[in-house]
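Sequence and predicted structure below; questions after.
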Amino acid sequence: MWNYEKRLQFPVKITKTCPKTAQMIISQYGGPDGELSASMRYLAQRYTMPVKEVGGLLTDIGTEELVHMEMICAMVYQLTRDLTIEEAKTAGFDAYYVDHTKALWPQAAAGLPFSALEFTAKGDAITDLTEDLAAEQKARTVYDNLLRMITDPEVREPLKFLRAREIVHFQRFGEALEKTKDKLDPRNYYYFNPEFDKLEGFPKPPL
Amino acid sequence: MEPNESFTNESLAIASVPCQKWGQLFDENTALTNGTVFPDLNKPFFVTCPATDSPLTQGKRSAAVDPQQMEREQLMDKINKVSFFVNDLTLYLDTHCEDRDALHVLTDKVRERAELMHEFAEKFYPLTCDCIAKCSRAGQENLWALGPAPWEGACV
């Protein structure tokens, strides 16, 4: 289960309304490399992970991604809290406004709705951890792209924090992959799928 | 080949990431700003380097805040910093289960965090359901419902 803690992991206090910025960063809520996608990916993959510590890591990072989703939502909310109808019309927020007013709805910057098709749980530890490594890099690239465009320091500070977390998570998933590899034979990591083939104690391939 | 040797011997047709070794840690202030407690994992982006970017962390507070709000914000700031240490060390320990140095630091930070969470509940409002009993007006007021929502930016 989860317990709610009434605070953000990193403070978000944005004082200037900017629907254009909200329109861009909402991608890290509901976009293909967003925090919601990240959280659902890791929390879905953890059940069948053959190495116990890796299941634990997926739980902890999946939980942290939920916390990041909350930060992104807080940013979008604060950027549009005092939105006027004139701002909604001129700042490129018009289409979103028509469907959702100022409510938070998970979509990509280009308007595509959040979809579970954006991540996978493939049921093979090497495959899934390799996906997770790529996912952290994709999210980092999105934060890089946002930081090149956004100048308001009140928005940049939380984005910089979130970008840094992608790099830390990449390192941890790399270590998780090494832990999984340690259980397998380096002569052939693909001899069987440790997440499906219930073979006794990670057997070695024949010489 | 022994299983552990695979950590240092790279194999063909699979990704390899070196395992992080325990080392220096940032202080609590710097850790939260940088997004990691580990200087080894601090890899800033060129457009955010300190020379061109103005960090928010000092000042930037609204000019006239009442003393109670000031105190609340300062305590929240401490909680954020120590909690982030706990977060990042927890992930490190997920892949370094036996690391005693990390375990010692984590235990200290968890203790410190629990005390600060209780202090916040006593003085202001509970941040988790478990802190409700620590509130000075517990049993008389629905304090869980009273605290501000974090997304309002009320407690920076």
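Received it, and whenever you're ready, just let me know what you need.

Roughly how far does the closest residue to A:Trp2 other than its chain neighbours sit from B:Val110?
Using C-beta to C-beta, 6 or more residues apart in numbering or on different chains and skipping residues adjacent in sequence, the residue nearest A:Trp2 is A:Thr63, 7.1 Å away. Where C-beta positions appear, they are placed from N, C-alpha and C, glycine not excepted. Taking C-beta to C-beta, to the nearest Å as the measure, A:Thr63 falls 16 Å from B:Val110.

ok, now A:Thr17?
With distances defined as C-beta to C-beta, the gap from A:Thr17 to B:Val110 amounts to 39 Å.

Over to A:Val168?
Here the criterion is C-beta to C-beta. By it, A:Val168 lies 19 Å from B:Val110.

Then B:Pro44?
28 Å.

Now do the helices in chain A.
In order along the chain, chain A carries the following helices (DSSP state H): A:19-25, A:27-30, A:35-45, A:52-80, A:85-90, A:94-100, A:125-149, A:153-182.

ignore the last one, chain B
Across chain B, reading from the start of the chain, the helices by DSSP H fall at B:28-34, B:67-95, B:100-123, B:143-146.

Now find how far off-centre the second one is within its chain.
This means helix B:67-95. Relative to the chain's own centre, helix B:67-95 is displaced by 4 Å; criterion: C-alpha atoms, centre = their mean, to the nearest Å.

Give the buried residues for that helix.
B:72-73, B:75-95 (16 or more other C-beta atoms under 10 Å in any protein chain shown).

How about the residue nearest the centre of chain B: what's its closest non-neighbour residue?
For chain B, the residue nearest the mean C-alpha position is B:Phe84 (0.8 Å; C-alpha atoms, centre = their mean). The spatially closest residue to B:Phe84, leaving aside those adjacent along the chain, is B:Leu32, at 4.8 Å (C-beta to C-beta, 6+ apart).

wouldn't the one you found be in contact with A:Phe10 here?
Yes. In terms of C-beta atoms under 8 Å, B:Leu32 counts as a neighbour of A:Phe10; the distance is 6.7 Å.

pLDDT averaged over stretch B:38-57, what's the number?
When pLDDT is averaged along stretch B:38-57, the result is 77.

meant to ask about stretch B:80-91
For stretch B:80-91, the per-residue pLDDT averages 98.

Quick one: end-to-end distance for stretch A:6-21.
25 Å (C-alpha to C-alpha, to the nearest Å).
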